[in-house]
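Colleague: attaching a predicted model along with its sequence, questions to come.
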Amino acid sequence: MNTWKTSRGAAGLVWLVAAAAMAAEQPPAQRPVASFDCTKEYPPESYFASGDVRVTESAAGRYREAGPKPLSRFGYRFAIRHVGKPHLAVVHYPDDKPRFMGVMDGTCYDLTTGVFTGRWMPLSGTMRQIRLVFWPRWEDCSIVLANLKQAEGEPAAAASIEIFELDTLPALEVPGDHGDGSRRELGFQFEDPCGVSGSEGAMSRREWLERLIAYARYTGQKTLVYPIVWYSGPWYPSAREPVSYFEWATTARDRRQYLRWTTQPEDWVAELLKRFEESGMEFRASLTLLRLGSLMKQMNIDLDSIKAGRDTINNMLFNDLVQSSTEDWTMEYDVRNFAQLVAFRERGKDLSKFPWAYGEVRRQLPQGAVFNPLHPVVQKAILGLVQEIVDRYGRSPAFKGITFNVMWPSTFICFGSLKAGYDDYTVGRFEKETGIRMPVDGKAPDRFSKRYAFLTGAHREEWIKWRCANIHELLRHIRDMVVRGRPDRSVTLNLYAGAPWLREGGLDLDLLRNEPGIEVVPLYPAVSSTLAYEALPREIMTKAPGPASVYQGTWFFNDWTEIWGKYTWFSCDPKDEQTSRLAVILGKPAEGICRTNCAFAKDGFWWDTQLRIVPTFPGGDEFMKHYAEAVGVLDARRITSGGLILDKAHSEPIRRFALAYRALPAKPFQTVGNSINPVAVRTLVDDGRRYCYLVNQERRPVEVILQADNPPGRATDLATGREVDAPGRWPIVLGPYELRSFGLAGNAKITGFSTAPVAGSK
């Protein structure tokens, strides 16, 4: 691409950038509640510190900094007047050296976010802001800044903190989205559904839902992907499968925390869909298929009987063992375990000896899928579950489909590994359908390992292709159930992009590339567990710029850092009057309730109930790098973010992005030119109108000159609905990681573009 050279500045073009920003940044009315100059000293009733906290100075200014060691932190205590009203915390922090810090209320997830600086990002040497929306659940509040790194270094720091009460969170009008389902989706996605009454100041799922809707509308996000089937089965009142619903870290007004559970919840999914219909939002039900009670009851993990020829729906492995467990942390999350778990933990018993529900047994095997996805009993359970969900919720216009979380190899929608699937049924079917005969004694006790050796040797490709084709047929059957009568619905697979086990585990993405109604959306850690930035892998995500990609969008998984003290479950005190008040789920009596706590050594914090689990994000403009790359590399038609709790610390940049993004049709665009880096330009003609977007994938502002045949003359800025000039050589300035979108006459053609750095930018 030829770069357009210019000596003139871009000041005269900045108004193009400012228009969308002005529309997105009208702040809600706010009243000061509290403020702290972190360089000053405060009395112990208002301030605490632990671990060599001190006031220091750099080119960024003066600020207070935690010590270098893990768990060093400091915090402030403040009073608010109106519990349950939205508030805003503004934290000014120095971007002058690598930091990895959490901002939290210290007790639950109401006021929780994190930020890291340095690493792959240049240091600005300035003060930056965190602007965190929260709903306080008590009048006596705290805000804590804490080191999250488990080794020395990268300390938390702040120059000042301000707390404001907001009148409301006004809904953002998105002029480019007509509300007919034809536009791109932007929203939230949760991996974990159990923290509703420990976040957003909510005491119940209903209260949590109202606040999620309010924040979604405020930030211009309209899609929610949320689990209704989790680690141990359905969370809705299923008639097919045993239900396992619980609310963890329910945080009371006195800060004590509870766990409450039931196997017979009210139909909160139906309530959610009704509220979404009223609010113009869309819902995708996610399923994490690790266990289903009906299958757990039927599983055969008796090795001797299997070797003797008895059928099993469990996966037989390469080493003549049977997959008897997922071999991960999810075993305890069936409410049928909870009452006994409380007793075990109170007595300090070893959980390795716990009698897990349905007889699940750990055998120190690799993580893997318990059940064989090709066994007819397993497929009947999967398809029956999908049909039940469609029958219950598919009539709602807010219901947009089903998402399977294939994020780890324990999910039994596929095998998850080439080391699984060597049972008599599956291999017998393979022989019958392919004509390939197994030179293995069908009654030998070690036949499973011998089959593995044979099939992964001379017939490796035939074996993989056969498994992938059959999983593909299962997915097609699921798709047909979901979209029947509603072509606006779809089935989505969430997975790690480029995971080496995908095809070997039965998922061939090439088979899904042009499969209507089946979407592949990779999970992409916004912050990896190593805190190293992982750029979207361009060679994996797309073989060529534009619509050749198999991926329809991405989920930015807001990974979280967990710092645990002594974590306990224990029985409620018989004298605890609020136990009976809290032993209710969605208006019905809970089947069980207990206390929980995570205790740390005393360090001056005012309360002994604490959780230190924090999602952590890049600071400054770099937060939007992921969004810019999702559009620039993938031409993403859906972008969701989230994990455990709502990210409410990036309202302003998300609002700006939403205005431009949600105006784009949810169809593949054509790439202009031969490059998508640093700027990608794409166009599409849809319903007689040409759409065009430009996205900058770098931190430096850039000036783009669009070149047009049959110049449009005028264009509509889709973020604002305003008309702008659009000459044959059309100059547009893009800020760091900025997306701009326009509507043009259908016969206008964008033939190329050139770029140049904005004068004076770094």
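Modeller: That came in fine, so what should we check first?
Colleague: tell me the domain ranges of the protein?
Modeller: The record assigns the chain these domain ranges, following automatic domain parsing: 11-20+667-757, 31-169+615-659, 189-216+223-488+499-525+566-597.
Colleague: for those, which one sits closest to Phe605?
Modeller: Among the domains of the chain, the nearest to Phe605 by C-beta to C-beta is domain 31-169+615-659 (5.7 Å). In this view, the C-beta of every residue, glycine as well, is placed from N, C-alpha and C.
Colleague: first-to-last residue distance for the closest one?
Modeller: 27 Å (C-alpha to C-alpha, to the nearest Å).
Colleague: rewinding a little: just name the most buried of the domains of the chain.
Modeller: domain 31-169+615-659 (a mean of 20; mean count of other C-beta atoms under 10 Å).
Colleague: which residues of the chain score low on pLDDT?
Modeller: When residues are selected by pLDDT under 70, those of the chain lie in 1-27, 497-498, 525-549, 761-762.
Colleague: leaving out the residues flanking it, which one is nearest to the residue sitting furthest away from the middle of it?
Modeller: Distance from the C-alpha centroid of the chain, by C-alpha atoms, centre = their mean, peaks at Asp441 (47.3 Å). In space, and not counting its chain neighbours, Asp441 is closest to Arg447: 6.2 Å by C-beta to C-beta, 6 or more residues apart in numbering.
Colleague: just checking, the one you found touches Pro439?
Modeller: No: contact between Arg447 and Pro439 fails when scored by C-beta atoms under 8 Å: they sit 10.8 Å apart.
Colleague: residues contacting stretch 424-438, please?
Modeller: The contact list for stretch 424-438, computed with C-beta atoms under 8 Å, 6 or more residues apart in numbering, reads 309, 311, 372, 374-375, 442, 451, 454-455, 459, 462-463, 466.
Colleague: and Phe78, how far is that from Lys69?
Modeller: Phe78 sits 27 Å away from Lys69, going by C-beta to C-beta, to the nearest Å.
Colleague: one more: Pro653?
Modeller: 33 Å.
Colleague: can you check Ile163 too?
Modeller: With distances taken as C-beta to C-beta, Ile163 is found 28 Å from Lys69.
Colleague: can you name every helix or strand that the helix or strand harbouring Tyr524 contacts?
Modeller: If you go by DSSP states H and E, Tyr524 is part of strand 518-525. Judged by 3 or more C-beta pairs under 8 Å, 6 or more residues apart in numbering; DSSP states H and E, the packing partners of strand 518-525 are helix 460-483, strand 490-496, helix 509-512, strand 553-557, strand 638-642.
Colleague: send the alpha carbons of the fourth one over as CSV?
Modeller: The one in question is strand 553-557. Extracted in CSV, the C-alpha atoms of strand 553-557 (Å, rounded to 0.1, in the frame of the first residue of the first chain):
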residue,chain,number,x,y,z
GLY,A,553,-16.8,-12.9,16.4
THR,A,554,-15.0,-13.2,19.7
TRP,A,555,-15.5,-13.4,23.4
PHE,A,556,-13.1,-11.4,25.5
PHE,A,557,-12.8,-13.6,28.5
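Colleague: contacts for it?
Modeller: Here strand 553-557 has contacts from 185, 189, 191, 225, 494, 519, 521-526, 536, 626-627, 630, 634, 636-643, using C-beta under 8 Å, 6+ apart.
Colleague: if we go to 6 Å?
Modeller: 189, 494, 521-526, 626, 630, 636-641, 643 (C-beta atoms under 6 Å, 6 or more residues apart in numbering).
Colleague: got the angle between that strand and strand 490-496?
Modeller: Here the directions of strand 553-557 and strand 490-496 differ by 50 degrees (axes from the mean of the first three to the mean of the last three C-alpha atoms, to 10 degrees).
Colleague: the helix or strand just after strand 553-557 pairs with which strands, parallel or anti?
Modeller: On the C-terminal side of strand 553-557, the closest following helix or strand by DSSP H and E is strand 560-563. Strand 560-563 has the following sheet partners, assigned by DSSP bridges: strand 612-615 (antiparallel).
Colleague: neighbouring contacts of the helix or strand where Ala680 lies?
Modeller: Element membership of Ala680 [criterion: DSSP H and E] is strand 679-686. The contact list for strand 679-686, computed with C-beta under 6 Å, 6+ apart, reads 632, 665, 669-672, 690-696, 704, 746, 750, 753, 755.
Colleague: which of the residues you listed fall within helices?
Modeller: Gly632 (DSSP state H).
Colleague: what bridges to the residue lying closest to Asp37 once chain neighbours are set aside?
Modeller: Leaving aside its chain neighbours, Asp37 sits nearest to Ser160 (5.5 Å; criterion: C-beta to C-beta, 6+ apart). Ser160 forms beta bridges with Asp37, His92, as assigned by DSSP bridges.
Colleague: residues contacting Ser160?
Modeller: For Ser160, the contacting residues are Asp37, Cys38, His92, by C-beta under 6 Å, 6+ apart.
Colleague: repeat for Leu317
Modeller: Each residue near Leu317 by C-beta under 6 Å, 6+ apart is listed here: Lys419, Ala420.
Colleague: torsion angles phi and psi at it?
Modeller: phi -100, psi 170 (degrees, to the nearest 10).
Colleague: what residues are bridge-paired with Glu703?
Modeller: If you apply DSSP bridges, the partners that Glu703 bridges to are Val733, Ala756.
Colleague: likewise Thr223?
Modeller: Beta-bridge pairing for Thr223 (DSSP bridges): Gly187, Glu282.
Colleague: show me what contacts it?
Modeller: Per C-beta under 6 Å, 6+ apart, neighbours of Thr223: Glu185, Gly187, Glu282.
Colleague: just say helix, strand or coil for the residue lying closest to Pro439 once chain neighbours are set aside.
Modeller: The shortest distance from Pro439 to any non-neighbouring residue, by C-beta to C-beta, 6+ apart, is to Phe454 (6.4 Å). Reduced to three states with DSSP: H, G, I helix; E, B strand; the rest coil, the structure at Phe454 is helix.
Colleague: state the distance from Phe454 to Lys443.
Modeller: Distance from Phe454 to Lys443, by C-beta to C-beta: 16 Å.
Colleague: and if you look at Tyr627?
Modeller: In terms of C-beta to C-beta, Tyr627 sits 58 Å off from Lys443.
Colleague: equivalent analysis for Ser675, please.
Modeller: Ser675 is 61 Å from Lys443, by C-beta to C-beta.
Colleague: for Asp52, same thing?
Modeller: Taking C-beta to C-beta, one finds Asp52 at 69 Å from Lys443.
Colleague: before we move on, what about Asp576?
Modeller: Using C-beta to C-beta, one obtains 60 Å as the distance from Asp576 to Lys443.
Colleague: next one: Arg363
Modeller: 24 Å.
Colleague: could you do Thr434 as well?
Modeller: In terms of C-beta to C-beta, Thr434 sits 22 Å off from Lys443.
Colleague: quick check: which element contains the nearest residue to Trp138 once chain neighbours are set aside?
Modeller: Nearest-residue entry for Trp138: Arg253, 5.9 Å, with adjacent residues in sequence omitted and distances by C-beta to C-beta, 6+ apart. Arg253 belongs to no helix or strand when assigned by DSSP H and E.
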